[in-house]
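Colleague: curious how this folds, go ahead:
(2 chains)
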Amino acid sequence: MELFTPEFGLVFWMFVAFLGLYFILSKFAWPFIIKSMDERAELIDKGVSYAQEAKQQLDNAKAEADKLLAEARGQQADILRDATKMRNQIIENARGEAAVEAKKVAEAAQLSIEQSRKESEKQLRREVSEIALQIAEKVLRTSISNDKAQQELVEKYLNEVETKN
Amino acid sequence: MNKVITALIAVVVLALMAWGYTDASHHSHDGEAEMPAVKEIIFEHLGDAYGWEVPFSHSKRIPLPVIVRGNDGAWHVFSSSRITGGDTFEGFKLAHGGDYNNKVVEVLSDGSEVRPLDLSVTKNACGIFISALVVCLMVFTLKRWYVRNGLKAPRGGKGMLELIVDFVYGDTIKPIMGAEAPKYAPYLLTVFFFILTMNLLGLIVIFPGGANLTGNISVTFVLALCTFLITNFTGTKHYWKEILWPEVPIALKCPVPLMPLIEVLGIFTKPIALMIRLFANMMSGHMVVIVFMLLIFIFTALFGAFAGGATSILSLILSLFMLVLDTLVSFIQAYVFTILSTMFISMAHVHEEHEA
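Modeller: Numbers count the residues shown, from 1 in each chain, chains lettered A, B, ... in the order given. Next comes the predicted model:
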């Protein structure tokens, strides 16, 4: 059975061809291909883990940003509340101060009115006494001659005084 | 559009394949419904030849160089076309019948025929070179991609190649061999692609293919021998200890070395099983296809033209199915040879600490 006995010539050529193929491929092709494939597999693995990390970081950053935003909102609300409070207080204060000032002004005005009234009273009294003195002087001057005339004179001077005022 | 072209090409190729087989089976019966010489036809197709059939013509052959060393020690190199016609050239001719049927023999002066040392580049040898060239082309195409494109993923045919490389290397060799994988992967990958290419080329009927390479025991013998040599020359001390002094009850190895004998036998049976498995699988695939084709002519000879015509439809369908199956078997057998070689080599690299 020729099919089941190895033929020397064919074994020889097969050996030559196979060893030649093996040495060529193992020297110039396979190590490079294997290295490239391994490198790429590594690259892809790295890429995946990098992407996962990046996503993690992004999620973290988002959470942080949200936190910061919430904080800022809280602070803003606080500030607004404080501001409102302060404004109210300022207004309150201003109102109080204004009231005090107004009271002071009113008091001062009252005081000056009082003073001027006293002044004018004093003036009046002085003038009245002066007039009285003048009248008295005139009365004294006329009483010497005539009673009637004196009376008339007094009347006359009083009128005079009255019209003078 | 692409699909239509692919389908058309497939139909044409399949028709040519069928025609090739039919044409090849046809030659022996020119006359009226003559019983074909089944055995000769089958063995001619499975065996080697000194020329290569021109596609679709059985009589014309592409001449190949015959290289023989005569009885006197001189080398003779001549074209196979000088002897395929039955002529004698420089004392050499093709034997018919006898021990050296269809082989080159030297006719000595006393008329006896002896087989010279024959290093002819036969059809199978030429097929081996073509396969090696195809493998080289494929692998270097893939390499060039990596050289040019760095770490980008290859597309198309190169992507498929890379898929196969990754399947064999990443999913088979690496898990089995672990850290030793890069050292032996070149050998195993070469074996895989060489066997695969030879298997698939063997399925193509016309010229660049058609040689029954992996269905030839010489070819599988060399492949198995390489695995055998690597396994035993790189084997660790522990591997040899397990063979020569295995851990079994002393009675099994001391007076009569029963277990060591079995283990030593195992060294040889493993590669022989590799050799026979690939050879038998591929040869039987080819044989079945040829037998289906021959059935047409057998039935024609037995029951007339009508039965033959009816059988031809069935035969075509069945042989087509077998060819498709053989395509699958081509992959499986190449893979099986590779994975078993991987396991044999890695099993020879056992260390004490792995035992537990």
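
Colleague: quick check, pLDDT for the most centrally placed residue in chain B.
Modeller: Note on chain B: the residue nearest the mean C-alpha position is B:T214, at 0.9 Å, using CA atoms, centre = their mean. At B:T214, the pLDDT value in this model is 89.

Colleague: residues contacting the residue nearest to it when sequence neighbours are not counted?
Modeller: Nearest residue to B:T214, sequence neighbours excluded (CB to CB, 6 or more residues apart in numbering or on different chains): B:M282, at 4.3 Å. (Each C-beta comes from the backbone N, C-alpha and C, glycine too.) Each residue near B:M282 by CB atoms under 8 Å, 6 or more residues apart in numbering or on different chains is listed here: B:199, B:202, B:212-215, B:326, B:329-330, B:333.

Colleague: also B:K174?
Modeller: If you count contacts by CB under 8 Å, 6+ apart, then B:K174 has B:181, B:185 around it.

Colleague: check B:V219 too.
Modeller: Counting by CB under 8 Å, 6+ apart, B:V219 has contacts A:10, A:14, B:124, B:128, B:198, B:213, B:279.

Colleague: closest one to A:E121 out of the residues you listed, please.
Modeller: Distance from A:E121 was checked for each of the contacts of B:V219 by CB to CB. The minimum falls on B:M198, at 144.5 Å.

Colleague: tell me who's in contact with the closest residue to B:T234 other than its chain neighbours.
Modeller: Computed as CB to CB, 6+ apart, the closest residue to B:T234 that is not its neighbour in sequence is B:A348, at 6.3 Å. Residues touching B:A348, when contacts are defined by CB under 8 Å, 6+ apart, comprise B:231-232, B:234-236, B:239.

Colleague: put the buried members of the residues you listed into a ChimeraX selection.
Modeller: With 16 or more other CB atoms under 10 Å in any protein chain shown as the burial test, the buried ones among these are selected in ChimeraX as follows:
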select /B:231,232,235,239
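
Colleague: would JSON lines of the contacts of B:A348 with pLDDT and secondary structure be doable?
Modeller: Compiled in JSON lines, the contacts of B:A348 are given as follows (pLDDT from 0 to 100; DSSP: H, G, I helix; E, B strand; the rest coil):
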{"residue": "B:T231", "pLDDT": "91", "secondary structure": "helix"}
{"residue": "B:N232", "pLDDT": "91", "secondary structure": "helix"}
{"residue": "B:T234", "pLDDT": "89", "secondary structure": "coil"}
{"residue": "B:G235", "pLDDT": "85", "secondary structure": "coil"}
{"residue": "B:T236", "pLDDT": "85", "secondary structure": "coil"}
{"residue": "B:Y239", "pLDDT": "85", "secondary structure": "helix"}
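
Colleague: for chain B, what's the nearest residue on chain A?
Modeller: With CB to the nearest CB as the measure, A:S26 is the residue of chain A nearest to chain B, at 3.4 Å.

Colleague: neighbours around the closest residue to chain A within chain B, how many?
Modeller: Per CB to the nearest CB, the residue of chain B with the smallest distance to chain A is B:P186, at 3.4 Å. Applying other CB atoms under 10 Å in any protein chain shown, we find 20 other residues in the vicinity of B:P186.
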